[in-house]
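Participant: kindly return the folded structure for what I paste below:
(chains A and B)
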Protein chains: 2
Amino acid sequence: MSGVLKPGDTIGILGSGQLGRMIALAAARLGLRTHIYCPDSGPAFDVCAQFTIAAYEDEKALAAFADSVQVVSYEFENVPANTAAFLAARKPVRPGPRALAITQDRFTEKSFLNDLGIPTAPFAAVDSVADLEQAVATLGRPSVLKTRRFGYDGKGQTMIREGDDLAHAFNSLGGGACILEGFVAFAREISVIGARGLDGSFAAFDVCENEHANHILSRTIVPAHAHPAIQTAAIAMAGKIAAALDYVGVITVEMFLVEEAHGAERLVVNEIAPRVHNSGHWTLDGAVTSQFEQHVRAICGWQLGSPARHGAIEMHNLIGAEADDWAALLAQTGVALHLYGKHEAREGRKMGHWTRVLPEKG
Amino acid sequence: MSGVLKPGDTIGILGSGQLGRMIALAAARLGLRTHIYCPDSGPAFDVCAQFTIAAYEDEKALAAFADSVQVVSYEFENVPANTAAFLAARKPVRPGPRALAITQDRFTEKSFLNDLGIPTAPFAAVDSVADLEQAVATLGRPSVLKTRRFGYDGKGQTMIREGDDLAHAFNSLGGGACILEGFVAFAREISVIGARGLDGSFAAFDVCENEHANHILSRTIVPAHAHPAIQTAAIAMAGKIAAALDYVGVITVEMFLVEEAHGAERLVVNEIAPRVHNSGHWTLDGAVTSQFEQHVRAICGWQLGSPARHGAIEMHNLIGAEADDWAALLAQTGVALHLYGKHEAREGRKMGHWTRVLPEKG
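Facilitator: Numbers count the residues shown, from 1 in each chain, chains lettered A, B, ... in the order given. Next comes the predicted model:
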């Protein structure tokens, strides 16, 4: 098979944050080198064999980067389309440019999902205040107005409640291309982290249950509270999405779990992240293969590892000053601490995480 | 306490091999940066924040290195004494220069052990053929002639058997300072890997049983085949040695297990390695805290982690061309593969290792 790497080869990674850092550490364990490309220095630079500081539009730097690696991947979904296309003409980009194009735009993403028969919140494109008035008339209040592109951790979105002024809401997001999503009264947020290999094989970790604070992931527990049939269905959806994208690498599908009458549950897909994911950090300590190693295996064209789980999992993010508790966490037996080497503990900044794996009741 | 590091600080490491590489990877997980110093490039350079290529005698380079780090450690015991002293005058060197001085010389090391009441093979200093004739008369044949310094993996030693010419044996090792050791008819080779913290706390991993091929470690299994009381005694010896050296960091004590009449067992210490050790690589996958993280915790002045073991362990080295089997090993569920990123699979070169952790019979 072409595009299969061997130990000693180099993986190119766009982005220098903690996800790139943890991919680089997993690659190193398997004897691979990494070359990080980013306009700004970041914590991944401290653990890579090579780095390039250059703009994503700098074609000379991109060409040199492509020449130095055997495969290109990325730690974030907002890689510019032109950058992905430029690199893909030179080296395999995994996951491919189509996964980026679809997941960068909430409207395109939800349309893609519905075309696959996968449920999402009801939605409508909003390019003007008039569009928004029309959409709110259809989808009701509360509903959520989001920019189609570049939103994360609650940025680029606003809730539309009874009495809210629609022009103000539209303009507060910059007046660009938006999407209105009907509000989903969910019981829990879950995520499926799976990987698809170059050979089309698919392996998913157990479903994660996620709690957020201030729109930022705070805690993940596994197993999730969800009927076994719903967990199976969630994983099947992720596999279907990955296959439809002809995806190579780790993919994350965030979903809402809605409780119906009589204890029934149903799933609504919220969004797709074409990358390793914060809700999968527990796999470093709680799974046979971590999401980072799994991503490396997939993009290298290697056989996927076992996603089997070691026990009952609890993963907590360390946001901003929470990381100041590092010494107390280090002293707790059974707590695995991970710090990302960021210099400044700004408010809302992900500084690290810790995981506890407990024996599971049989 | 002085000399306690915090996340974001930098650890200096002398040596760029796989041990330095795995220390650097463990440090990165805890948000620490590493600066590798070595006369030659090596696989640790691919995962560190900074590296220096300079001689161990280059005081200008050493001073700049010391300025850039908060603590200095090393991956090998043959750090020149002057280098250690130069650095120790500027930054904490852990383990300290005394541990290096004692473990660099087989005669000094064995004398130190016997002074502690710890058994070794009988031995005698040999500086001439006449010394060797005298020593062989006392210790008998077979016995083992070794250089006092710089031996490893069977290099710098020769067996003295019936009929062997003593002058030839002495000259074959270069004619320098040697030691003759009485032959120990051991049943098994074991090692204790422990760590001593800045606060004097001591924690040891379970005793390892080691098999060698061509004088190079081939396989480690844990638990070792040894009476529980012998295992306790072995760990106690390692703790006693570490305390006597006022040691900070991971220490390895290699021992012979001798079977006596009636099933009794006794221990003979073979040598001390003032560092992480090949026979402890299983801790990456089979212990709560790896030997590399434990070393980082100790030299940073942090609390030691739990050395508890996850199951029954089997660790195999991949020597030279054995690493060509990487794809088959990656495909085996339950096998954790580690490759060191070395470019050339020379004969006898340690290219990687793999570990299998099996549930232990209760």
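Participant: what residues does the stretch 1-150 of chain A put near chain B?
Facilitator: Within the stretch 1-150 of chain A, the positions near chain B by Cβ under 8 Å from any Cβ of the partner chain are A:6-8, A:21, A:24-25, A:28-34, A:45-49. Every residue, glycine included, has its C-beta placed from N, CA and C.
Participant: for ChimeraX, write the select line for the buried members of those residues.
Facilitator: Here is the ChimeraX selection string for the buried members of the residues of the stretch 1-150 of chain A next to chain B, based on 16 or more other Cβ atoms under 10 Å in any protein chain shown:
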select /A:7,21,24,25,28,29,30,31,32,33,34,45,46,47,48,49
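Participant: what about residue A:190, is that helix, strand or coil?
Facilitator: strand (DSSP: H, G, I helix; E, B strand; the rest coil).
Participant: please name the bridge partners of it.
Facilitator: residue A:209, residue A:255 (DSSP bridges).
Participant: from what I see, it and residue A:205 are in contact.
Facilitator: No - using Cβ atoms under 8 Å, residue A:190 is not in contact with residue A:205, being 11.8 Å away.
Participant: who has more neighbours, those two?
Facilitator: residue A:205 (30 against 26; other Cβ atoms under 10 Å in any protein chain shown).
Participant: so which residues of the stretch 101-250 of chain A form strands?
Facilitator: A:123-126, A:143-147, A:157-160, A:178-182, A:188-196, A:202-204, A:208-213, A:216-222, A:249-259 (DSSP state E, counting those that start in this stretch).
Participant: residue A:163: neighbour count?
Facilitator: That count, for residue A:163 with other Cβ under 10 Å as the rule, works out to 6.
Participant: how far away is it from chain B?
Facilitator: According to Cβ to the nearest Cβ, to the nearest Å, residue A:163 stands 46 Å off from chain B.
Participant: next one: phi and psi at that residue?
Facilitator: Phi and psi for residue A:163, reported as degrees, to the nearest 10, are phi 90, psi -10.
Participant: thinking again about what came up before, let's see which of the residues of the stretch 1-150 of chain A next to chain B end up in strands.
Facilitator: A:33, A:34 (DSSP state E).
Participant: now residue A:5. Nearest residue, chain neighbours left out?
Facilitator: residue A:300 (4.0 Å; Cβ to Cβ, 6 or more residues apart in numbering or on different chains).
Participant: then residue A:267?
Facilitator: residue A:255 (5.1 Å).
Participant: my read: the one you found touches residue A:189, true?
Facilitator: Yes - counting by Cβ under 8 Å, residue A:255 touches residue A:189, with 7.4 Å between them.
Participant: circling back: now intersect the residues of the stretch 1-150 of chain A next to chain B with the helices, please.
Facilitator: Judged by DSSP state H, the residues of the stretch 1-150 of chain A next to chain B include A:21, A:24, A:25, A:28, A:29 as members of helices.
Participant: follow-up on the earlier one: who's in contact with the residue nearest to residue A:267?
Facilitator: By Cβ atoms under 8 Å, 6 or more residues apart in numbering or on different chains, the contact set of residue A:255 is A:189, A:190, A:191, A:192, A:234, A:237, A:267, A:268, A:269, A:270.
Participant: and for residue A:335?
Facilitator: A:329, A:354, A:355, A:356 are the contacts of residue A:335 under Cβ under 8 Å, 6+ apart.
Participant: care to break chain A down by domain?
Facilitator: Listed domain ranges for chain A are A:10-93, A:122-182, A:188-358 (source: automatic domain parsing).
Participant: next, format these as TSV and append mean pLDDT.
Facilitator: Formatted as TSV, the domains of chain A follow (pLDDT from 0 to 100):
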stretch	mean pLDDT
domain A:10-93	97
domain A:122-182	94
domain A:188-358	96
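Participant: now these as JSON lines including distance to residue B:248?
Facilitator: Listed next are those as JSON lines, based on distance: least, Cβ to Cβ, whole Å:
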{"stretch": "domain A:10-93", "distance to residue B:248": "24"}
{"stretch": "domain A:122-182", "distance to residue B:248": "41"}
{"stretch": "domain A:188-358", "distance to residue B:248": "16"}
